[in-house]
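Engineer: Can you look at this prediction? I've put the sequence above it.
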Amino acid sequence: MSSKYDVLVIGGGNAALCAAIAARRGGASVLVLEGAPKFYRGGNTRHTRNMRCAHDAATEILTGPYTEEEFWEDLLRVTGGKTDEVLARHMIRESKDILNWIVEQGVRWQPSLGGTLSLGRTNSFFLGGGRAMLNALYLTAERLGVDVEYDAEVTDLVIEDGMFLAARLKRPIRGETEIRATSLVAAAGGFEANIEWLKQYWGEAADNFLIRGTPYNRGSILKMLLDKGVQEVGDPTQCHAVAIDARAPKFDGGIITRHDSVVFGIVVNKHAQRFYDEGEDIWPKRYAIWGRLVAAQPDQIAYIIFDSTVVTSFMPTLFPPIAGQTVAELAGKLELDPAALEKTITEFNAAVRPGTFDHTILDDCVTEDITPPKTHWARKIETPPYLAYPVRPGITFTYLGTRVNKEARMLMANGKPSANMFAAGEIMAGNVLGKGYAAGMGMTIGSVFGRIAGREAARHAKN
Amino acid sequence: MHGTRILDEADRLMTVCNSCRYCEGLCAVFPAMEMRRAFSDGDLNYLANLCHACGACYVDCQFSPPHEFNVNVPKTLAVARAESYAAYAWPGALSGAFARNGLVISIIAAFSMAAFILGFAALNDRSVLFGVHTDPGAFYRLMPHNAMAVLFSAAFLYAVLALVMSVRAFWRDIGTPIGGRADGGSIFQAIRDAGELRYLHGGGVGCYNEDDKPTDRRKLYHHLTFYGFILCFAATSVATLYHYLLGREAPYPWWDLPVVLGTLGGIGLMIGPIGLFAAKMRRDPALLDETRYGMDVGFIAMLFLTGLTGMLLLILRETAAMGPLLALHLGAVFALFITMPYGKFVHGIYRFAALVRYAQERRSEAVA
């Protein structure tokens, strides 16, 4: 005999826990299988800090209204239209209620963190960050009687004709190697920590990628589902990547390895050559493009070069900048050709035109007669010490996922809805987010579709 | 680099935390950290004393151990805090008292109580020491009031002097670069924050002690201890006024103000320390400065002993046990006074100073 639950949730992050709580509140018996050990539970939710929810009026922690329509326009803009409008609008509508529902599950909000004032109206921040949010959800789930197992890696899914039957386990849980359940909620994230899988699209370059989040998002559940006839959604070759410090650990460096100093200097590759307009756009757009730009450079490495006049213009960084009293000394420390770096900086300085610097707007500090240009915030780099941050692509998440409908029910390759399989979170984010990203949207997708998936999974099981 | 390994580690952590800032809503430490980009020794000692050890930032941190960033702010700041007590101790020659504090406190307490017992025995007739005294002035048959007043005033004034000198060194060290005197508004804010233990609250949900559930009751026990201590102090002060202004001598009847205050305070001073001690025993060692166990327990024990001997004296003051109990109680109080600048008691003084400084910084930030 194997155990039988009403609802089996695979995954342990925001989406999984919202599903588990909603299913349990819907009267179902629920088991959560988290592949990671307890400390690393929750996938990338551990590294998050806020959620984007629509609201019609200011709240205690939100500075003003953010209507469904405005949310939709933002989503349309960042995805360039690569979204499922029906699903997206449904999510946005539901997000309004999530703002309260998530508090009822023990999560606490706070006003936007220092240095994130631009999100004060749209995004609700978790008091204590993502792990605090997760801890609250786990406490609530356990209090409600949800069973949770850690180090519970699923090696196979038994699926027949789009119907989930059982999950096979790497190590037995309570003597069982197979867990049967009436409904399945897959909320096990994407595949960004699976370097071999990334190499299918990026080649050997993927060896030089750093993974910002959990090493446990290897995409094994996603792959099993796609292999067993679930319809895929999202561009498999794409991932969200930002420039992060090259000294960051291979996995799980989280938010603190990021750099947002590009606008205050220039960016060169390993040949000490500039390769893109550092002043193209303001945060957050520039934040999201530099990972991809660095990925396209030789050896996937680049260096943000600036001087001592701007060090206090951005948030303090985890790793200190590398410093040199001369450009040549700095080049030596970065193992760049000193002559080439001196030439690049001299040419750049010569191209800088006078202007009034203001990093909060698209200012009039520009370069002339240089390729690529720097179209805003261009100022000479001439006050020693000269400083640099080495950066590499930091992969945040992948877009490939399982297609779902408004009930968070997976659709099979033939277009038919699955009888009892639901998906929530990053594993299905590609339905809504075909490309691009806006802060806090991953958590919105997780909570909204998590709650829907749990509710529907419980309803199926209780019928 | 800083003077000590623990300050180096505190600097490393504050650098990590300052590039994250997820915890800024939990307490005062992180907002204070955000006002800085680099950290001097004084800055780190300030942050260490601002920390109330609620444990929330450890439970909430995605980088706490076993993560390779190994971020453990409560433990690191606890160690830094304890080292700051020794660093600022006055006179410096006595800072070594913090090294094996539990032992030092126990020896002083034992000697103090023994000295009072022996003193009473040497100076009093056996029949007086073990006699039954119920009339006003009964205590002073055993030890003349003036002798008591001189001895305890001297001990108290010494403690005050040593504490003032210590906290002055601390204040100077943390005062740069903003510096200056404390203004009334900031002091009032700090009194409120300290009085309600505003930052011993896990960011609002409660503190953490033995696990990741915010079920800790240290705040309640600390209130019982602190307000118990204050009530006992008030009882003594009222009694002193009675004595000198009204000419009324102790012991007083049970319903009189000094006894009522002392009884309530004594109850707090017994329950509070027991609760704090039990919490200490249960606390996750990951959050603890285990090497300062003796200091923490020594202080808790001294408070408990003061409360216990005081209560026993109250209950048994009309029996033959009064003499020995009075000696024990006075011995405990005397030891408590003279060890105040060299034990865990100082945590309250430094934390209060840190809260004043924090209130000051918040006000100047609001102005800016």
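Structural biologist: Yep, it's here.

Engineer: contacts and neighbour counts: CA atoms only from here.
Structural biologist: OK.

Engineer: show me what contacts the residue nearest the centre of chain B?
Structural biologist: Residue closest to the average C-alpha location in chain B (Cα atoms, centre = their mean): residue B:345, at 3.0 Å. The contact partners of residue B:345, by Cα atoms under 8 Å, 6 or more residues apart in numbering or on different chains, come to residue B:299.

Engineer: Go ahead and name everything in contact with the strand or helix carrying residue A:242.
Structural biologist: Assigned by DSSP states H and E, residue A:242 belongs to strand A:239-245. Contact with strand A:239-245 is made by A:192, A:257-259, A:287-292, A:294, A:319, A:389-399, A:436-437, as judged by Cα under 8 Å, 6+ apart.

Engineer: rewinding a little: please report the confidence value the model assigns to the residue nearest to the centre of chain B.
Structural biologist: With respect to pLDDT, residue B:345 scores 96.

Engineer: what's the answer for residue B:179, then?
Structural biologist: At residue B:179, pLDDT is 51.

Engineer: go on, residue B:99?
Structural biologist: At residue B:99, pLDDT is 89.

Engineer: go on, residue A:162?
Structural biologist: At residue A:162, pLDDT is 94.

Engineer: Then residue A:287?
Structural biologist: Predicted confidence (pLDDT) for residue A:287: 69.

Engineer: can you check residue A:174 too?
Structural biologist: pLDDT, residue A:174: 85.

Engineer: Now the strand holding residue A:242: average pLDDT?
Structural biologist: Averaged across strand A:239-245, pLDDT comes to 93.

Engineer: Restricting to C-alpha, output it in CSV.
Structural biologist: Taking C-alpha atoms only, strand A:239-245 is exported to CSV below (Å, rounded to 0.1, in the frame of the first residue of the first chain):
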residue,chain,number,x,y,z
CYS,A,239,16.0,33.4,-19.0
HIS,A,240,16.0,36.5,-16.9
ALA,A,241,19.5,37.6,-16.3
VAL,A,242,21.1,40.6,-14.6
ALA,A,243,24.7,41.6,-14.2
ILE,A,244,26.0,40.5,-10.8
ASP,A,245,29.4,40.5,-9.1
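
Engineer: Just list the residues touching residue A:127, thanks.
Structural biologist: A:107-110, A:133, B:22-23, B:25-26, B:203.

Engineer: who wins for most neighbours among those?
Structural biologist: residue B:22 (30 neighbours; other Cα atoms under 10 Å in any protein chain shown).

Engineer: element containing the residue lying closest to residue B:253 once chain neighbours are set aside, please.
Structural biologist: Nearest non-adjacent residue to residue B:253, counting by Cα to Cα, 6 or more residues apart in numbering or on different chains: residue B:259, 7.2 Å away. Assigned by DSSP H and E, residue B:259 falls within helix B:257-282.

Engineer: Averaged pLDDT, that helix. What do you get?
Structural biologist: 96.

Engineer: where does the chain have low pLDDT?
Structural biologist: Let's take chain A. A:1-3, A:114-117, A:283-287 (pLDDT under 70).

Engineer: you looked at the wrong chain, it should be chain B
Structural biologist: Using pLDDT under 70, chain B drops low at B:176-181.

Engineer: which helices and strands sit right next to whichever helix in it runs longest?
Structural biologist: Counting residues, the longest helix found in chain B (DSSP state H) is helix B:145-175. Taking 3 or more Cα pairs under 8 Å, 6 or more residues apart in numbering or on different chains; DSSP states H and E as contact, the helices and strands that helix B:145-175 lies on are helix B:41-50, helix B:73-88, helix B:322-339, helix B:346-367.

Engineer: now those helices in CSV, with mean neighbour count and distance to residue A:79?
Structural biologist: Output for these, formatted as CSV (neighbours: other Cα atoms under 10 Å in any protein chain shown; distance: least, Cα to Cα, whole Å):
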stretch, mean neighbour count, distance to residue A:79
helix B:41-50, 25, 43
helix B:73-88, 22, 40
helix B:322-339, 24, 67
helix B:346-367, 19, 39
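
Engineer: what would those look like in CSV with distance to chain A?
Structural biologist: Below are those laid out as CSV (distance: least, Cα to the nearest Cα, whole Å):
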stretch, distance to chain A
helix B:41-50, 16
helix B:73-88, 14
helix B:322-339, 38
helix B:346-367, 13
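
Engineer: circling back: can you mark which positions in the longest helix of chain B are buried?
Structural biologist: Applying a neighbour-count criterion of 16 or more other Cα atoms under 10 Å in any protein chain shown, one finds B:145, B:152, B:155-156, B:158-160, B:162-171, B:173-175 buried in helix B:145-175.

Engineer: Give me the angle between that helix and helix B:73-88.
Structural biologist: Calculated by axes from the mean of the first three to the mean of the last three Cα atoms, to 10 degrees, helix B:145-175 forms an angle of 120 degrees with helix B:73-88.

Engineer: helices or strands up against the longest strand seen in chain A?
Structural biologist: Secondary structure assigned by DSSP state E gives strand A:386-398 as the longest strand of chain A. Applying 3+ Cα pairs under 8 Å, 6+ apart, we find strand A:386-398 packed against strand A:210-211, strand A:239-245, helix A:285-295, strand A:302-307, strand A:322-324, helix A:327-334.

Engineer: so how far is that strand off the chain centroid?
Structural biologist: 15 Å (Cα atoms, centre = their mean, to the nearest Å).

Engineer: ditto for stretch A:186-194
Structural biologist: On Cα atoms, centre = their mean, the centre of stretch A:186-194 falls 11 Å from that of its chain.

Engineer: Contact residues of the stretch 101-250 of chain B facing chain A?
Structural biologist: B:203, B:212-213 (Cα under 8 Å from any Cα of the partner chain).
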